[in-house]
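*Asks:* Task: produce atomic coordinates for the following.
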Amino acid sequence: MLSSSIDSFAMPGNQSLRAHVPNLHAVQGEYTFKPKTAATMPRGRTASKSNVLGSPTAGDMTSWKSLIATAPRTPGRSMTNTPSTPKQAQSQLPHRSATPRGLLNQASVARNLFASPNGCGGSTISRTPSCGTPGRAVGSDRFIPHRDDTTTSQSADRMILNASDLKQTPSSINGSAASTSSTDAIQGEQQYDEALAENLVGSQGIGSRVLSYRSDPMMTSDHTLGSATACTSAGADPLKVMAESMNSRVNAASSNRKRYICSMPYRILDAVAFFDDFYFNVLDWSAHNVVGVALGSTCYLWNADTQAITTLGEFSQNVSCVRFSKSGNYAAVAAGDHQLRSQVKIYDIATHKVSHKVHNPYGRVCAMAFNGSTLSAGSRDGSISHYDVRLPCGRSLVWKSHAHTQEVCGLTWNEAGTQLASGGNDNLCCVWEPGQTAPRYTFSDSAAAVKALAWCPFQANLLAAGGGTADRHIRLYNTHTGELSKAVDTKSQVCSLQWSKSEKELLSAHGYSQFQLSLWRYPNMSRLKDITGHTARVLHTAISPDGSSVCSLAADDTLRFWKVWDGAERSGPSDMNLRSGLRSKMSLATAGAMLSPVGIR
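*Replies:* Residues are numbered from 1 along each chain as shown. Okay, here's the model as predicted:
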């Protein structure tokens with residue numbers, strides 16, 4: 001094959017390469033250099049060791065370089081000029097044919113002919129060195145991929161979302177005229193880039209840099225990422241408008257999300273000797289996660305963390321009210337009957353000892369509320385007495401308010417301690433200020449006794465009040481303006497109300513005739529869910545300190561714990577016990593054996 005290549009090597013005057021190489025001889029089908037002798041050497045030159053070994057001399061090299069320089073070449077290819085582009089370099093690489101070794105082109109033949117000897121003796125042309133130091137093969141067919149410069153430039157151009165750059169013609173991008181197929185491909189990529197940029201940053205953001213803070217932020221009004229439009233008005237701060245837009249989307253997403261509310265209580269305790277009276281308030285949950293409940297004439301404390309149950313105090317009459325202080329360190333317990341005066345004791349929770357006593361001569365006390373060191377107690381005669389528990393027992397009465405004509409059955413201070421709400425059996429709801437003997441507002445919308453009262457934790461001037469059997473309404477009052485904001489018919493007696501600490505929701509406990517807990521969404525007061533389980537009217541409720549659970553005490557002699565909202569996780573072994581819970585009457589036998597010594601089965 002090398003013989004045919006050498007024979008076909010064009011020389012000046014259409015002469016064969018063999019005719020111009022006097023010392024090139026064919027041996028067994030291959031051409032080799034025949035060593036020159038002194039006779040064949042030009043005059044004035046002597047044979048050297050390298051010439052004897054068969055290598056061409058410097059004169060031969062010079063003559064052959066001049067021959068190759070004058071040899072005809074393939075049009076469009078240059079053997080002396082350095083390729084200017086990777087494509088030209090790739091086009092000058094030797095191509096292989098289907099033959100076992102392939103035909104060498106003119107440039108590869110010349111390089112092989114004038115290659116330096118490999119040092120192993122002999123000068124037979126070979127594709128790879130036979131021995132010696134390994135090196136890169138002469139005429140290697142190793143393929144080296146290359147990257148088109150235009151592709152790199154186009155990728156860099158796409159980093160800037162510029163309308164003018166996206167609308168460039170293929171000739172301006174590539175620097176030369178492109179073929180029809182490449183033009184269609186580039187136009188398709190441009191259309192895709194335009195659509196992608198419009199969906200990501202909107203039509204207003206195509207002419208701006210993505211990572212640039214030189215222009216005002218873009219506003220979106222339609223949806224989060226698509227078809228953004230400017231919603232800023234003249235003179236409006238774009239950052240404020242953007243923040244309001246984001247907040248509105250977050251609020252809409254939070255209001256539309258679905259939350260699972262379990263319909264089963266995670267713990268059930270039997271409460272024996274429970275006195276069924278609508279006007280009593282015998283259930284409360286302290287800040288230390290301790291539940292206080294009065295059963296008959298005895299008050300008990302149940303620690304939700306340790307499951308420990310202790311007796312706080314015993315009275316000669318039925319306990320009518322139990323209330324914890326805001327810190328949870330003290331508990332006020334009131335006991336009395338219809339005729340005798342009420343006795344109020346304030347206990348230190350740490351020592352279970354009485355720290356203060358109050359003798360109320362105005363009848364039994366069914367409603368109490370703490371405001372710092374002041375204890376407000378509502379009496380059967382309709383009066384409200386305010387005691388400073390730091391003073392001696394005989395001189396602890398600070399002031400007395402009187403507006404109700406019948407028994408006060410609901411009493412609660414707002415979170416700031418600036419307003420006191422009271423509800424009575426005379427169907428009145430009054431709002432008081434500290435030190436005042438007359439109410440600031442008196443609401444007479446209810447058609448029955450007002451016992452259920454609750455201040456909103458996220459809106460200080462919002463008061464929720466619930467009416468009895470003849471009324472069955474929940475009313476929302478604005479205590480700053482004295483106006484009725486909302487009223488909703490619950491179709492049942494409202495016995496207790498609890499605002500959520502984490503959601504804009506209100507929980508109501510009902511008596512005749514539904515015996516259930518209902519969850520309402522504020523402000524439209526739409527009913528979210530009815531939680532059933534009690535078989536008698538639910539008279540009392542209390543919310544946990546973390547705001548996640550609600551405890552309900554009903555006339556069916558059961559104390560049930562419900563997980564209604566999401567709250568902060570509490571650590572300790574009782575947390576797992578509460579979540580595992582007692583979910584059926586079959587499991588109450590174990591709880592009864594544990595709780596029977598203190599009267600809760």
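*Asks:* only C-alpha atoms for contact and neighbour calcs from this point on.
*Replies:* Noted.
*Asks:* The chain: helices as residue ranges?
*Replies:* With helices called from DSSP state H, the chain shows them at 2-7, 17-20, 49-52, 58-70, 86-91, 106-113, 149-157, 163-166, 170-174, 180-201, 238-256, 573-580, 588-595.
*Asks:* State the distance from the nearest residue to residue 302 once chain neighbours are set aside to residue 303.
*Replies:* Nearest residue to residue 302 in three dimensions, chain neighbours excluded: residue 309, at 4.5 Å (Cα to Cα, 6 or more residues apart in numbering). To residue 303, residue 309 is 6 Å away according to Cα to Cα, to the nearest Å.
*Asks:* Overlap in contacts, these two.
*Replies:* Common neighbours of residue 309 and residue 303 are not found (criterion: Cα atoms under 8 Å, 6 or more residues apart in numbering).
*Asks:* what number of residues lie near the spatially closest residue to residue 419 that is not a sequence neighbour?
*Replies:* Leaving aside its chain neighbours, residue 419 sits nearest to residue 433 (4.8 Å; criterion: Cα to Cα, 6+ apart). Look at residue 433: counted by other Cα atoms under 10 Å, it has 16 neighbours.
*Asks:* mind listing what residue 433 touches?
*Replies:* Per Cα under 8 Å, 6+ apart, neighbours of residue 433: 418-420, 439-440.
*Asks:* again with residue 396
*Replies:* Residues near residue 396 by Cα under 8 Å, 6+ apart: 387-390.
*Asks:* Recalculate using a threshold of 7 Å.
*Replies:* 387-389 (Cα atoms under 7 Å, 6 or more residues apart in numbering).
*Asks:* for the residues you listed, which one is nearest residue 538?
*Replies:* Among the contacts of residue 396, residue 387 lies closest to residue 538 (Cα to Cα), at 30.5 Å.
*Asks:* If we ignore the residues flanking it in sequence, what's nearest the closest one?
*Replies:* Residue 387 sits nearest to residue 397 (Cα to Cα, 6+ apart), 4.4 Å away.
*Asks:* distance of the one you found from residue 421?
*Replies:* Plainly put, residue 397 is 19 Å away from residue 421 if you go by Cα to Cα.
*Asks:* Would you mind telling me which of those two has the busier surroundings?
*Replies:* residue 421 (25 against 19).
*Asks:* Beta-bridge partners for the more buried one, please?
*Replies:* Using DSSP bridges, the bridge partners assigned to residue 421 are residue 412, residue 431.
*Asks:* and if you look at residue 563?
*Replies:* Under the criterion used (DSSP bridges), residue 563 bridges to residue 549.
*Asks:* That one: neighbour count?
*Replies:* Neighbours of residue 563 using other Cα under 10 Å come to 20.
*Asks:* from what I can see residue 299 touches residue 315, true?
*Replies:* No. With contact defined as Cα atoms under 7 Å, residue 299 does not count as touching residue 315 (8.6 Å).
*Asks:* burial of the closest residue to residue 480 other than its chain neighbours, as a residue count?
*Replies:* Spatial nearest neighbour of residue 480, chain neighbours left out: residue 461 (5.9 Å); criterion: Cα to Cα, 6+ apart. When neighbours are counted by other Cα under 10 Å, residue 461 registers 17.
*Asks:* Name all residues that make contact with residue 461.
*Replies:* Applying Cα under 7 Å, 6+ apart, the residues contacting residue 461 are 478-480.
*Asks:* 8 Å - rerun?
*Replies:* Here residue 461 is in contact with 455, 477-480 (Cα under 8 Å, 6+ apart).
*Asks:* same question, residue 462
*Replies:* Contacts for residue 462 were tallied using Cα under 8 Å, 6+ apart; they are 455-456, 476-479.
*Asks:* picking up where we left off before, more neighbours, residue 299 and residue 315?
*Replies:* Taking neighbours as other Cα under 10 Å, residue 299 and residue 315 compare with residue 299 leading, 25 against 15.
*Asks:* Any stretches of the protein with poor pLDDT?
*Replies:* Judged by pLDDT under 70, the chain has its weakly predicted residues at 1-181, 201-242, 245-257, 338-340, 568-601.
*Asks:* the domain parsing of it - what is it?
*Replies:* Per automatic domain parsing, the structural domains of the chain span 1-72+101-121, 267-598.
*Asks:* Any chance of TSV for those domains, columns distance to residue 196?
*Replies:* Output for these, formatted as TSV (distance: least, Cα to Cα, whole Å):
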stretch	distance to residue 196
domain 1-72+101-121	50
domain 267-598	39
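*Asks:* of those, which approaches residue 189 most closely?
*Replies:* domain 1-72+101-121 (40.6 Å).
*Asks:* re the thing from before, redo the contacts of residue 461 as a markdown table? Include distance to residue 449 and neighbour count.
*Replies:* Below are the contacts of residue 461 laid out as a markdown table (distance: Cα to Cα, whole Å; neighbours: other Cα atoms under 10 Å):
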| residue | distance to residue 449 | neighbour count |
| --- | --- | --- |
| 455 | 18 | 24 |
| 477 | 17 | 20 |
| 478 | 20 | 16 |
| 479 | 20 | 20 |
| 480 | 23 | 11 |
